[in-house]
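Enquirer: Sharing a model that was predicted from the sequence below.
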Amino acid sequence: MTAQYQVHADVAVITLNNPPVNGLGLETRRGVAAGLQQANADPQVKAVVLTGAGRAFSGGADIREFDSPKALTEPILLSLIAALENSDKPVVAAVHSVAMGGGLELALGAHYRIAAPGCSIALPEVKLGLIPGAGGTQRLPRVLGVETALNMIVTGEAAKSEVLARLPGQQLFDRLAASRESLMDEAMELARSVADMRPLPRIRDLPCGHPQGEAFFQFARNTAKAMAPHFPAPPRCIDAVEAATRGPFDEGLRRERETFLNLMLTPESRALRHVFAAERAASRIPDVPDDTPLRPVASVGIVGAGTMGSGIAMAFLNADLPVTLLETRPEALERGVAGIRKAYEGQVKKGRLTGEQQARRLDLLKPTLQLADLRGCDLLIEAVFEDMDVKRQVFEQLDATAKPGAILASNTSTLDLNRIASFTSRPQDVVGLHFFSPAHVMKLLEVVRGEQTAKDVLATVMKLARTLRKTAVVAGVCDGFIGNRMLEPYFRQANLLLDEGATPQQIDRAIEAFGFAMGPFRVSDMAGNDIAWAVRKRHRTERPQQPASVVADRLCELGRFGQKTGAGWYDYAAGSRDAVPSPLVAQLIEDHRREQGLERRRIEDAEIVQRLVFALVNEGARLLHEGIAARASDIDVVYLTGYGFPLHRGGPMKYADTVGLFNVVQAMQRFARNPRAEPAFWQPAPLLLRLLAEGRTFN
């Protein structure tokens, strides 16, 4: 049973026991209902305590039951909460560790609540494109006040129990326990002290209002629209809380439930629920068991103190791991350390870091010019120039220097990891750790698995990614791995659209209106056009038959490398990152069209979006077919966390599922008929055709 029932003298204790977070699945709901019924039928029982075993009171609904009959099978959570409220005997919720979503709503249905300090309290449904669906929008404002409750509901962010307990006039907690260890003793004491009190208090009977009323809620709507323009859930949260202030409790409850069920069907909620599951799935490697022994990582060495190496160093320093930072030139080392210090000073000024925390992190940093100082490190990461000869030199040195069992990692973003591993006598210890810039901020970490990478190395770096608060996705070895390999056809289509009549600003506007954080040309200017130029030069040697991007090359030949040079696809004023359309670039594009005898045509924004996004989808399907990516959802995670793909669309592969694979293939066949198209480019990947024929989807 996932809900256990015990009687301690005159108090019945119902314990949720559904690891890892006591999700409120159907079996658990039935167990709680049965325990409550048993307690009310037992004349010896005077009161009931409801709590959770292990690491949580309850994390809320079991998301695995969403879209299944179990989600609507009685007792649904609404019915269970009604049973708590209507219990003949007082129910005390003993809350600890985590009380979120439906778990918090369940506690709000109890007559009394006692919380351990340090408990995370939240209604995070908005992060799944939903609103609370079991009374959260109606009860939380009654016990915390409208403004505090609304902020928690609209943001979905957690607050600590002791912080909420100190709020003036709060009625969420009747008591704050002295500690987690004493919680149950204090809950039993509270239950006995209220056993004979009648009538039993119910949150639903408390008043709810706001002195500014309509003006306050309109301000909240304006703010929500500005902060989350693509998501319908935040304004619906506001509507539901406003309903709590304007009418009977049961009417507000009805409106909340109706809104919840409607939002469940929206593509935005489906996308966010997909992302929730995808991020958890990405951490699992099918052939690496959960109990694989881990290698110790107590110290880290980083080769290269440039922008990427310094950012990687900060990622580890932020996780309280000592870092030895190696450079070959004193001025480069000094510049790297100064950059780290400046970044931390900026965080202190903004209040994101204390002076003590800054000092602690800088104390963990050991700058050095001596390779021998890396001998004791458990993990060594190369972050040098993206050139195979340079990588060879570094890994031959690391192989000769590193202690046995040390993990040797490359931060390469495109190069062959198997070749890099071959430069050592221990290829089983070599793995790719592709951080994204700025490395101490960006969430994504591509973990590249070489042909001989050991399973314990993979298990160790995946665990380490969680320590760094990164989302790790495993990729096989190919040019560009998952993210950058897919990016190449995306940019190729963007450049072809220029040839056919679009402008950089039209393409960027169209893809940003679709929801991308930045369009391809603004991204290129930010990253540095010279980086893509170097990759194109390498590709020309390796793939001479692939069409060249003439305008992009001419741009670089003029030294227009982007923001760092003040000019790229756009012009940039000194000290500004505002992208200003460039007459020179417009003339470059026009001159190229004229040289090639190309006639400019009108291109609709819808074509721009489809060509760029479906180029991603088709290349993603090829990656899956080749086994470079294990799951379509892994590709979605890469693009959502590392490449600015719109969250509300769930990633490129989920978006293709939403559009329909038939429609994706039809569009690709239409693009292949374009006189300027490369028909082979738009040939659907084998996996895409197979899924279509079988009536299946990527996810």
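Expert: Structure received.

Enquirer: going forward, measure contacts and count neighbours with C-alpha atoms only.
Expert: Noted.

Enquirer: Retrieve the pLDDT associated with G355.
Expert: If you check G355, the pLDDT there is 94.

Enquirer: let me fix that: S576
Expert: pLDDT recorded at S576 is 89.

Enquirer: where does this protein dip in pLDDT?
Expert: Applying pLDDT under 70 to the chain picks out residues 547-548.

Enquirer: Tell me how it divides into domains.
Expert: For the chain, the domain assignment from automatic domain parsing gives the residue ranges 3-264, 300-475, 483-694.

Enquirer: So which of those is nearest D291?
Expert: Minimum separation from D291 across these (C-alpha to C-alpha) falls at domain 300-475, 9.0 Å.

Enquirer: Export the domains of the chain to JSON lines and append columns for distance to A278.
Expert: Listed next are the domains of the chain as JSON lines, based on distance: least, C-alpha to C-alpha, whole Å:
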{"stretch": "domain 3-264", "distance to A278": "12"}
{"stretch": "domain 300-475", "distance to A278": "10"}
{"stretch": "domain 483-694", "distance to A278": "5"}
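
Enquirer: From K470, how far out is K455?
Expert: Per C-alpha to C-alpha, to the nearest Å, K455 is found 20 Å from K470.

Enquirer: Could you do G109 as well?
Expert: Taking C-alpha to C-alpha, one finds G109 at 36 Å from K470.

Enquirer: And the two? Which one has more around it.
Expert: Applying other C-alpha atoms under 10 Å to G109 and K470 shows that G109 carries more neighbours, namely 27 against 22.

Enquirer: thought that one was touching I81?
Expert: Yes - counting by C-alpha atoms under 8 Å, I81 is a contact partner of G109 at 5.1 Å.

Enquirer: where exactly do the strands run in the stretch 151-300 of the chain?
Expert: 159-160, 175-176, 300-303 (DSSP state E, counting those that start in this stretch).

Enquirer: Which strands or helices does the second one pack on?
Expert: Where contact means 3 or more C-alpha pairs under 8 Å, 6 or more residues apart in numbering; DSSP states H and E, strand 175-176 is packed against strand 112-115, helix 161-165.

Enquirer: How far away from the center of its chain is the shortest one?
Expert: Here strand 112-115 is found 32 Å from its chain centre; the criterion is C-alpha atoms, centre = their mean, to the nearest Å.

Enquirer: returning to that earlier point: out of the helices and strands packed on strand 175-176, deepest packed?
Expert: strand 112-115 (a mean of 26; mean count of other C-alpha atoms under 10 Å).

Enquirer: contacting residues around that strand?
Expert: Residues external to strand 112-115 that are found in contact with it (C-alpha atoms under 8 Å, 6 or more residues apart in numbering): 90-96, 107, 161, 172-177, 183, 187, 201.

Enquirer: Show me the residues you listed that map onto helices.
Expert: The helices, defined by DSSP state H, take in 107, 161, 183, 187 from the contacts of strand 112-115.

Enquirer: Was I right to think V98 contacts G54?
Expert: No - judged on C-alpha under 8 Å, V98 makes no contact with G54 at a distance of 10.3 Å.

Enquirer: which neighbours do these two share?
Expert: Contacts common to V98 and G54, judged by C-alpha under 8 Å, 6+ apart, are V21.

Enquirer: Between these two, tell me which one has more neighbours.
Expert: Between V98 and G54, counted using other C-alpha under 10 Å, the more crowded position is V98 (26 against 16).

Enquirer: Give me the phi and psi for that one.
Expert: When read as degrees, to the nearest 10, the backbone of V98 gives phi -140, psi 130.

Enquirer: returning to that earlier point: of the contacts of strand 112-115, buried ones?
Expert: Those of the contacts of strand 112-115 that meet the buried threshold are 90-96, 107, 161, 172-173, 175-177, 183, 187, by 16 or more other C-alpha atoms under 10 Å.

Enquirer: Show me which of these is closest to A579.
Expert: A579 lies nearest to S161 out of the buried ones among the contacts of strand 112-115, by C-alpha to C-alpha, at 45.4 Å.

Enquirer: doesn't A122 make contact with that closest one?
Expert: No - counting by C-alpha under 8 Å, S161 does not reach A122; the two are 9.9 Å apart.

Enquirer: and K403, which of the three is it?
Expert: With DSSP: H, G, I helix; E, B strand; the rest coil as the basis, K403 sits in coil.

Enquirer: give me the number of residues near it?
Expert: As a burial measure, K403 scores 15 neighbours (other C-alpha under 10 Å).

Enquirer: List the contacts of it.
Expert: By C-alpha under 8 Å, 6+ apart, the contact set of K403 is 375-378.

Enquirer: 6 Å - rerun?
Expert: Residues counted as contacts of K403 (C-alpha atoms under 6 Å, 6 or more residues apart in numbering) are R375.

Enquirer: separation between it and R426?
Expert: In terms of C-alpha to C-alpha, K403 sits 11 Å off from R426.

Enquirer: what does H274 give?
Expert: 39 Å.

Enquirer: neighbour count winner among the two?
Expert: Higher neighbour count among H274 and R426: H274, with 20 against 17, using other C-alpha under 10 Å.

Enquirer: Excluding covalently adjacent residues, which one is nearest to the more buried one?
Expert: G650 (6.6 Å; C-alpha to C-alpha, 6 or more residues apart in numbering).

Enquirer: The one you found touches A271, doesn't it?
Expert: Yes - with contact defined as C-alpha atoms under 6 Å, G650 reaches A271; the gap is 4.2 Å.

Enquirer: which of the two has more neighbours?
Expert: Under the criterion of other C-alpha under 10 Å, the comparison of G650 against A271 puts G650 first, with 29 against 21.

Enquirer: Could I get the buried residue list for the top helix by length along the chain?
Expert: The longest helix of the chain (DSSP H) is helix 605-626. Across helix 605-626, burial judged by 16+ other C-alpha under 10 Å covers 605, 608-624.

Enquirer: can you check stretch 202-216 too?
Expert: 202-204, 208-210.

Enquirer: cool, and stretch 571-589?
Expert: For stretch 571-589, using 16+ other C-alpha under 10 Å, the buried residues are 571-572, 577, 579, 581-582, 585, 588-589.

Enquirer: Export that stretch to PDB, keeping only CA atoms.
Expert: Output of stretch 571-589 as PDB, limited to C-alpha atoms (Å, rounded to 0.1, in the frame of the first residue of the first chain):
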ATOM      1  CA  ASP A 571      25.700  47.300 -37.100                       C
ATOM      2  CA  TYR A 572      26.400  47.900 -33.400                       C
ATOM      3  CA  ALA A 573      27.000  51.200 -31.600                       C
ATOM      4  CA  ALA A 574      29.900  51.300 -29.200                       C
ATOM      5  CA  GLY A 575      28.900  49.700 -25.900                       C
ATOM      6  CA  SER A 576      25.500  48.600 -27.200                       C
ATOM      7  CA  ARG A 577      24.200  45.200 -28.200                       C
ATOM      8  CA  ASP A 578      21.200  46.600 -30.100                       C
ATOM      9  CA  ALA A 579      21.200  45.200 -33.600                       C
ATOM     10  CA  VAL A 580      20.800  47.900 -36.300                       C
ATOM     11  CA  PRO A 581      20.100  46.800 -39.900                       C
ATOM     12  CA  SER A 582      23.100  47.400 -42.000                       C
ATOM     13  CA  PRO A 583      23.000  49.100 -45.500                       C
ATOM     14  CA  LEU A 584      26.400  47.500 -46.300                       C
ATOM     15  CA  VAL A 585      25.000  44.000 -45.600                       C
ATOM     16  CA  ALA A 586      21.900  44.700 -47.700                       C
ATOM     17  CA  GLN A 587      24.200  45.700 -50.600                       C
ATOM     18  CA  LEU A 588      26.400  42.600 -50.100                       C
ATOM     19  CA  ILE A 589      23.300  40.400 -50.400                       C
END
